[in-house]
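Visitor: generate a structure from the sequence data that follows.
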Amino acid sequence: MLRAALIVIALLLCYASVQAQDDEPSTALIYGGRITGIIGTQQPRAAYFFDGLRGEVVSIGLRATSGDLDPILLLLDASGRVITKRDDSNGERHITINAITIPQSGRYYVVVGRFGMGLGSTNGNFELDIERIGVSGESGSALRYGDSVINNITNMTPQVYYSFRAEQGDIVNITMLRNSGNLDPYLQVVDSTANVIADNDDLMGSGSLDAGIMGLVIQQSGTYVVVATRYGEAAGTSSGRFILTLQEAENSGLGNAAQTALLITSDAPAEDEINNNNPLKYYQFNGRQDDIITLRLSRTSGSLDAFLILLDANLQEITSDDDSGGGQNAQISSYRIPADGIYYVVATRLDREQGTTTGRYRLEFQALGNAFDGVPEGMQRIGYGTTITGRVDDITSEVVFAFFGQEGEPITVSMNRGDGDLDPVVAILDSDQNVVAQDDDSGGGQNARIARFVLPRSGLYFIRATRFSGTDGNPNTQGSFILVLARIAR
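Guide: Now for the predicted structure:
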């Protein structure tokens with residue numbers, strides 16, 4: 001008893017000295033890890049820390065590996081209070097603190113020393129390790145991803161509580177499975193302001209009364225509480241044992257799934273890494289119909305063969321690119337947004353999940369304005385695959401339409417007479433309204449047709465629908481027309 005008392009007094013004085021000098025241990029103990037050190041005249045003790053959660057069950061082992069070291073081991077809480085102590089009074093040089101339950105979440109300190117501390121005389125090397133055995137199923141325990149706990153719902157205890165820490169962008173799965181009795185499980189997740197953010201009574205597809213909250217996206221980093229209870233809660237009648245499991249879903253984390261896509265803007269390029277664990281990164285932006293954007297994905301390190309994908313709000317791919325940025329960089333240039341809504345950008349690699357290249361990247365987003373900026377108010381816009389009717393006569397001798405095209409696109413414009421004696425003439429004009437193509441009779445029967453015209457650049461174009469001017473006393477023709485703009489497969 002005297003030996004144990006001397007150990008405790010010496011170590012408490014040692015720890016108080018550490019605190020007084022504002023010299024908190026800087027070396028962290030990691031669950032599953034091992035640290036080596038030496039105890040001697042110059043260093044009669046060594047202190048380490050770890051952050052434990054309430055209800056965690058841990059084991060700490062200390063083994064003298066050389067010399068005549070007479071080791072002692074102490075576990076203290078953040079206030080310096082002794083949680084437990086061990087020495088080698090049984091003659092062994094391997095000390096173990098077995099299956100101790102962490103009483104409260106916080107920082108804990110492990111002190112390794114020798115009998116007598118600074119007054120002692122033994123020396124030698126040691127190995128120190130800490131293992132997380134599991135977590136207590138008692139109400140109030142703090143869980144980590146991957147934990148499963150067992151407890152009971154009864155009339156005396158209709159609700160059991162657990163907490164967990166989550167980061168913004170985490171995707172969480174929680175299941176509560178009946179293990180015995182007639183229990184009808186019911187789950188709730190509550191945030192730090194006591195708001196219920198998710199709940200479930202019957203897990204879809206389980207074929208039983210089990211409860212499950214699947215794919216919960218964490219919107220804000222913080223501590224959350226899981227309420228494990230029964231249908232009807234305190235007023236319910238079912239009871240029994242349950243198994244509750246907390247898991248982090250696949251692709252959890254900011255940017256790893258569409259549900260956790262990161263916002264991207266013109267003034268804030270994104271940088272990150274593509275690797276085998278996270279081969280795709282998701283970003284999002286709000287698009288306005290006919291906005292023009294350019295996306296560029298550039299490798300900044302590694303072997304990454306960049307690949308870009310643009311998805312609509314339904315996660316349907318609308319365009320992609322591999323090497324248009326040069327040097328295995330990807331670029332989607334001057335893309336016109338088809339409709340208002342949310343769009344997703346996927347930064348990935350060639351062959352996506354099945355690809356092999358890895359490395360860091362830089363994603364740039366440019367908003368280049370609206371495709372129809374500068375178009376006179378009231379001018380009609382036309383898109384590919386559109387049919388428009390109109391009329392040319394002495395009052396309206398021409399009708400002009402605006403459209404946006406991509407460099408290299410082959411297009412066809414047809415203008416056919418509907419009624420009257422109209423002799424159609426159609427022209428394509430560039431953004432400065434200079435004629436780049438025109439036709440009178442290529443459509444047959446005085447109809448006009450510009451076939452397979454390849455757009456020389458991306459940008460704004462105009463289509464002018466008019467008529468052949470009367471000459472030598474012949475009157476100008478007039479009548480209705482049907483205009484078709486089509487993009488031809490390359």
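Visitor: quick one: pLDDT of the spatially closest residue to residue 98 that is not a sequence neighbour?
Guide: Leaving aside its sequence neighbours, residue 98 sits nearest to residue 59 (C-beta to C-beta, 6 or more residues apart in numbering; 5.6 Å). Glycine gets a C-beta too; all of them are placed from N, C-alpha and C. What the model reports as pLDDT for residue 59 is 96.
Visitor: do the same with the one 3 residues further on
Guide: According to the per-residue confidence, residue 62 scores 94 in pLDDT.
Visitor: quick check: next helix or strand after the lowest-mean-pLDDT helix or strand in the chain?
Guide: Sorting the helices and strands of the chain by mean pLDDT, DSSP states H and E puts helix 2-20 at the bottom, at a mean of 43. Note on helix 2-20: by DSSP states H and E, the next helix or strand toward the C-terminus is strand 34-39.
Visitor: and that following strand, which strands flank it?
Guide: Here strand 34-39 has these sheet partners by DSSP bridges: strand 124-135 (antiparallel).
Visitor: pLDDT on the strand it pairs with, on average?
Guide: Computed over strand 124-135, the mean pLDDT rounds to 96.
Visitor: what separates the helix or strand just after that strand from the chain centre, distance-wise?
Guide: Where DSSP H and E defines the elements, the next helix or strand beyond strand 124-135 is strand 142-143. Averaged C-alpha coordinates place strand 142-143 at 23 Å from its chain's average position (C-alpha atoms, centre = their mean, to the nearest Å).
Visitor: what sits up against strand 142-143?
Guide: With contacts defined as C-beta atoms under 8 Å, 6 or more residues apart in numbering, strand 142-143 is touched by 53-56, 105, 135, 149, 162-165, 226, 246.
Visitor: rerun at 6 Å
Guide: Residues outside strand 142-143 that contact it (C-beta atoms under 6 Å, 6 or more residues apart in numbering) are 53-55, 105, 162-164, 246.
Visitor: equivalent analysis for stretch 438-446, please.
Guide: 414, 423, 425-427, 448-450, 468.
Visitor: all strands of the stretch 351-490 of the chain, in order?
Guide: Assigned by DSSP state E, counting those that start in this stretch, the strands in the stretch 351-490 of the chain fall at 359-370, 380-381, 386-392, 399-405, 410-417, 424-429, 435-439, 448-454, 459-467, 479-487.
Visitor: the stretch 201-350 of the chain too?
Guide: Under DSSP E, counting those that start in this stretch, the stretch 201-350 of the chain gives strands at 211-217, 222-230, 240-248, 262-263, 270-274, 281-287, 291-299, 306-311, 317-321, 330-336, 341-349.
Visitor: restrict stretch 220-231 to CA atoms and write it as CSV.
Guide: This file holds the C-alpha atoms of stretch 220-231, laid out as CSV (Å, rounded to 0.1, in the frame of the first residue of the first chain):
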residue,chain,number,x,y,z
GLN,A,220,-23.4,21.6,-40.5
SER,A,221,-20.4,20.2,-38.5
GLY,A,222,-21.3,19.4,-34.9
THR,A,223,-22.6,16.9,-32.4
TYR,A,224,-25.8,15.1,-33.1
VAL,A,225,-28.0,12.9,-30.9
VAL,A,226,-29.6,9.6,-31.9
VAL,A,227,-32.8,8.8,-30.1
ALA,A,228,-33.5,5.1,-30.0
THR,A,229,-37.1,4.4,-29.0
ARG,A,230,-40.2,2.6,-30.0
TYR,A,231,-43.3,3.4,-32.0
